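Enquirer: Just a sequence and a predicted model for now, questions to come.
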Amino acid sequence: METLTYAGLTTILITVVGWLLANKDAKQGHEIDLLFKKHDEDAKALADLRIEIAKEHYLKHELDSRFQSLQDTFKDELRNLGGKFDHLTNVLIEHVRKEDARL
């Protein structure tokens, strides 16, 4: 009878410990689910924020003015370079004429 009592108490003890562990696991599982949900929300918010920052980082009118400035500078410098080539051409033509006149 004594072994039956020990067996019964052991069974009850194992059942209680198992129940406590199951409750603890369920609570931790719920907390983990909440953490993953919070992580997913934070990840989505971060992605949305990155998109918003990318949209606003360089506004179209800022880029348009920067590209217009570069384009104007490029055109002016090409005109100047063209003028220099025209001057060089005139100098070479004049030189060839002087050489032809000497001969």
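Expert: Right, received. Where do you want to start?
Enquirer: and the residue nearest in space to the middle of the chain, what helix or strand is that in?
Expert: Centroid-nearest residue in the chain: Arg50, 6.5 Å away (criterion: CA atoms, centre = their mean). Using DSSP states H and E, Arg50 falls within helix 2-57.
Enquirer: Look at the residue nearest to the centre of the chain and report its pLDDT.
Expert: Predicted confidence (pLDDT) for Arg50: 89.
Enquirer: What of Thr15?
Expert: Note for Thr15: predicted pLDDT of 91.
Enquirer: Domain parsing of this protein, as residue ranges.
Expert: Per automatic domain parsing, the structural domains of the chain span 1-57, 58-103.
Enquirer: got any ranges where the protein has weak pLDDT?
Expert: Applying pLDDT under 70 to the chain picks out residues 1, 4.
Enquirer: Recalculate using a threshold of 80.
Expert: Scanning the chain with the threshold set as pLDDT under 80 gives 1-4, 6, 54-63, 103.
Enquirer: What is the distance between stretch 65-81 and the centre of its chain?
Expert: Between the centre of stretch 65-81 and the centre of its chain there are 31 Å (CA atoms, centre = their mean, to the nearest Å).
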